[in-house]
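> give me a 3D structure for the following:
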Amino acid sequence: MNFPAIDPIAFTIGPLAIRWYSLSYIFGILIGLIFVNKVIIYYKNNITKNDIYDLLNYLIIGIIIGGRFGYVLFYNLEFYFHNPVEIVKIWNGGMSFHGAILGIIISISWFSFKNNKSFFDLTDIICLASPIGIFFGRIANFINGELYGKITSYTIGIIFPRGGNLPRHPSQLYEAFFEGLILFIILNCLFFFTKLKSKSGVISGLFLILYGSFRFSIENFREPDAQIGLLWNFLSMGQLLSIPMIASGIVLLIYVKKLNEQQIN
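Purely as a prediction, here's the structure:
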């Protein structure tokens, strides 16, 4: 099928154009904030709504700076080295999820240190809500007709305006489904319906493992970045960055398990 004619600009206010991509961040943050406030009422009594509102400022800064510099370093370093002014022009696109994750971790670390809050309680809460933002972000990628997949002969293929005349995998929708919806369901079912809510850090470890695994798998259907291609002719940059993410999640689960055993003893 042909790509649906969706205008990437949602609406305009005078000379100001509001894009769906910007709205995806706003929707993700607002809905995630509402959800987080529900979580802390029932399960995280040592963390208040005011803490979450204060943390939100740190997170927004961490996401923007981490996501942007992650893209610069991992995906297009040569271009930005020769055009450093372009780094601040985030409205032209170019954000890295893996970079944003690092920004979020640093932001939560600093907030938890300043306010004497449990780092893993905070990361668990954020990991429960993060798939919401991921879902909206990938839908926005689809609307923009960017980050599309490889050429396919399956009927699910879509002809993207910037992808040539052949149908391609709608990899943005695959990611929205698995990294957004499915990841949200798995983590929240485990948190709300098992004893994992009492084991700080487990949800964070599972998030790293599951997201990294979903991303690594779906990258097989996604067209590699033109300026990078496949590393060593078989790995995309997204896959390469997902490997340490998965490994970190495994290490975190082992650490949390040992920590719980020590507390019991």
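
> tell me the mean pLDDT for stretch 184-200?
Per-region confidence: stretch 184-200 scores 89 on mean pLDDT.

> now that stretch, how far from the centre of its chain.
19 Å (C-alpha atoms, centre = their mean, to the nearest Å).

> ok, and what's touching it?
For stretch 184-200, the external contacting residues (C-beta atoms under 8 Å, 6 or more residues apart in numbering) are 43, 118, 120-121, 124, 127-128, 131-132, 135, 202-203, 206-207, 210, 256, 260. Heads up, the C-betas are built off the backbone N, CA and C, glycines and all.

> please redo it, this time with the cut-off set to 6 Å
For stretch 184-200, contacts defined as C-beta atoms under 6 Å, 6 or more residues apart in numbering pick out 43, 120-121, 128, 131, 202-203, 260.

> what ranges of the stretch 1-150 of the chain fall below the confidence cut-off?
Scanning the stretch 1-150 of the chain for pLDDT under 70 picks out 43-45.

> quick one: the strands in it?
9-13, 16-19 (DSSP state E, counting those that start in this stretch).

> adjacent strands (with direction) for the shortest one?
I take that to be strand 16-19. If you go by DSSP bridges, strand 16-19 pairs up with strand 9-13 (antiparallel).

> can you pull the buried residues of the partner strand?
Buried residues in strand 9-13, defined by neighbour count with 16 or more other C-beta atoms under 10 Å: A10.

> burial of N188, as a residue count?
Look at N188: counted by other C-beta atoms under 10 Å, it has 16 neighbours.

> isn't there a strand covering it?
No: with DSSP: H, G, I helix; E, B strand; the rest coil as the criterion, N188 is helix rather than part of a strand.

> buried subset of the contacts of stretch 184-200 as a ChimeraX selection?
The ChimeraX command for the buried members of those (criterion: 16+ other C-beta under 10 Å) is given here:
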select :43,120,121,128,131,202,203
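
> tell me which two in the contacts of stretch 184-200 are the farthest apart.
Within those, P131 and N260 form the most distant pair, 25.2 Å apart (C-beta to C-beta).

> dump the strands of the stretch 1-150 of the chain into CSV; add distance to K195 as well.
Converted to CSV, these look like this (distance: least, C-beta to C-beta, whole Å):
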stretch, distance to K195
strand 9-13, 43
strand 16-19, 43
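
> quick one: contacts for D124?
Applying C-beta under 6 Å, 6+ apart, the residues near D124 are 203-204.

> rerun at 10 Å
39, 43-44, 118, 187, 191, 196-197, 199-207 (C-beta atoms under 10 Å, 6 or more residues apart in numbering).

> cool, Q227 as well?
Going by C-beta under 10 Å, 6+ apart, Q227 touches 75-79, 237.

> now with 7 Å, please.
N76 (C-beta atoms under 7 Å, 6 or more residues apart in numbering).

> give me the distance between it and G145.
The gap separating Q227 from G145 is 18 Å, by C-beta to C-beta, to the nearest Å.

> repeat for I158
Separation of I158 from G145 (C-beta to C-beta) stands at 9 Å.

> and for the two, which residues touch both?
Each of F3 lies in contact with both I158 and G145 under the rule C-beta under 7 Å, 6+ apart.

> noted, bye for now.
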